[in-house]
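Student: compute the structure for the input listed below.
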Amino acid sequence: MNTVSTFVPPPSALASGSASQMLVPGLGIAVQSAPRRRPLAAPPTEPNHTLYVRNLNEKIALKTIKKSLDAIFSGFGEIIQIRAKSNITLRGQAFVTYKNVDSATKALGEVQGFPLFSLPLDIQYARDRNFIFSEADGTLEEHKKKRAIEKAEKAKEPKKARSDVPTLGATGWFPGGAPMPAEFLPPNSILFIENLPTETTDEKLAELFKQIPGFKEVRLVPGKSDIAFVEYEVEAQATLAKQQLNNFQILPDREIRVSYARK
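Tutor: This next block holds a predicted model:
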């Protein structure tokens, strides 16, 4: 059961290994985080300025992914660069580079498993340094040669199909090609609210959703007292509202359902 509160616990107060509320830096709200989990692959143990982030929802526009990652990670320190590509070999992955290693370490510990667009983030230190730092300390050429050798060796290896992440089914983002559930619909700035009490008013619903930054308006559906639409300024804000308020217990015996509106 999700609740909205004016008190937001600091990220350091989160308990590892269980679901908890997590502060979204810069936006001043807490959202429900997924249970911490072990990374899908054995992570590098050497701290790095750069974090490797994977299990990103490949159905989401790259621009939206980058904005969301910036909103989540920027509260832990100064970010120098966020790299994400849409080509087939790199989609679903990103690299977040901080100015200092301590920021990267703190972010890795706090954001691991955070549910972004319905998928828990899988985070580890990047295996290589960012070119930015190699150039600064005079080891850029050495770094380039090392990367070239690694790429050449990797090219010789037989290609393997990835089996540790979900695949894109024929009818949507869901294992086995099953019909896409509401929680996996592509995000947009409008949310679809279901299971509302009959006595719900625009004012009452607005009071609940305006606690999330970027709230614009509530639209009840004439003749359908149990559903409504809520609009935010940008997709990222709507996403945070969905994560915070889906299954919110609006009455002792009733929880609302929040999903993205179908386009």
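Student: the lengthiest strand in the chain pairs with which strands?
Tutor: As assigned by DSSP state E, the longest strand anywhere in the chain is strand 224-232. Applying DSSP bridges to the sheet, strand 224-232 is found paired with strand 190-194 (antiparallel), strand 215-221 (antiparallel).
Student: following it, which helix or strand comes up?
Tutor: Where DSSP states H and E defines the elements, the next helix or strand beyond strand 224-232 is helix 235-245.
Student: helix or strand next in line after that next one, which one?
Tutor: The helix or strand immediately downstream of helix 235-245 is strand 249-251, counting by DSSP H and E.
Student: buried residues in that next one?
Tutor: Neighbour-count burial for strand 249-251, counted by 16 or more other Cβ atoms under 10 Å, picks out Ile250. Yep, even glycine has a C-beta here, placed from its N, CA and C like the rest.
Student: what's the mean pLDDT across that strand?
Tutor: The predicted model assigns strand 249-251 a mean pLDDT of 89.
Student: for this structure, just list every one of the strands.
Tutor: With strands called from DSSP E, the chain shows them at 20-24, 29-33, 50-54, 79-83, 93-98, 115-116, 119-120, 122-125, 190-194, 215-221, 224-232, 249-251, 254-255, 257-260.
Student: can you give the contact residues for the longest strand of the chain?
Tutor: Outside strand 224-232, the residues that touch it by Cβ atoms under 8 Å, 6 or more residues apart in numbering are 189-198, 200, 205, 209, 212, 214-221, 238, 241, 261.
Student: convert the C-alpha atoms of it to PDB, please.
Tutor: Extracted in PDB, the C-alpha atoms of strand 224-232 (Å, rounded to 0.1, in the frame of the first residue of the first chain):
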ATOM      1  CA  LYS A 224     -18.100   7.000 -15.300                       C
ATOM      2  CA  SER A 225     -17.600   7.900 -11.700                       C
ATOM      3  CA  ASP A 226     -14.900   5.400 -11.100                       C
ATOM      4  CA  ILE A 227     -12.300   6.600 -13.600                       C
ATOM      5  CA  ALA A 228     -10.400   9.800 -14.300                       C
ATOM      6  CA  PHE A 229      -7.400  11.300 -16.100                       C
ATOM      7  CA  VAL A 230      -4.600  13.300 -14.400                       C
ATOM      8  CA  GLU A 231      -2.200  15.400 -16.500                       C
ATOM      9  CA  TYR A 232       1.300  16.500 -15.600                       C
END
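Student: now Trp214: how far from Ala61?
Tutor: Trp isn't right for residue 214; it's Gly. Separation of Gly214 from Ala61 (Cβ to Cβ, to the nearest Å) stands at 18 Å.
Student: what do you get for Asn188?
Tutor: Separation of Asn188 from Ala61 (Cβ to Cβ) stands at 10 Å.
Student: these two: who's more crowded?
Tutor: Asn188 (17 against 12; other Cβ atoms under 10 Å).
Student: list the contacts for the residue nearest to Gln237 when sequence neighbours are not counted?
Tutor: Spatial nearest neighbour of Gln237, chain neighbours left out: Gly214 (3.3 Å); criterion: Cβ to Cβ, 6 or more residues apart in numbering. If you count contacts by Cβ under 8 Å, 6+ apart, Gly214 has them with Tyr232, Glu233, Val234, Gln237, Ala238.
Student: can you get me a residue count around Pro197?
Tutor: Residues near Pro197, counting by other Cβ under 10 Å: 14.
Student: hmm, it is touching Asp253, no?
Tutor: No. The criterion here is Cβ atoms under 8 Å, and Pro197 misses it with Asp253 at 9.6 Å.
Student: export the strands paired with strand 224-232 as CSV, with columns for distance to Ala104, mean pLDDT and mean neighbour count.
Tutor: Formatted as CSV, these follow (distance: least, Cβ to Cβ, whole Å; pLDDT from 0 to 100; neighbours: other Cβ atoms under 10 Å):
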stretch, distance to Ala104, mean pLDDT, mean neighbour count
strand 190-194, 33, 93, 20
strand 215-221, 33, 91, 16
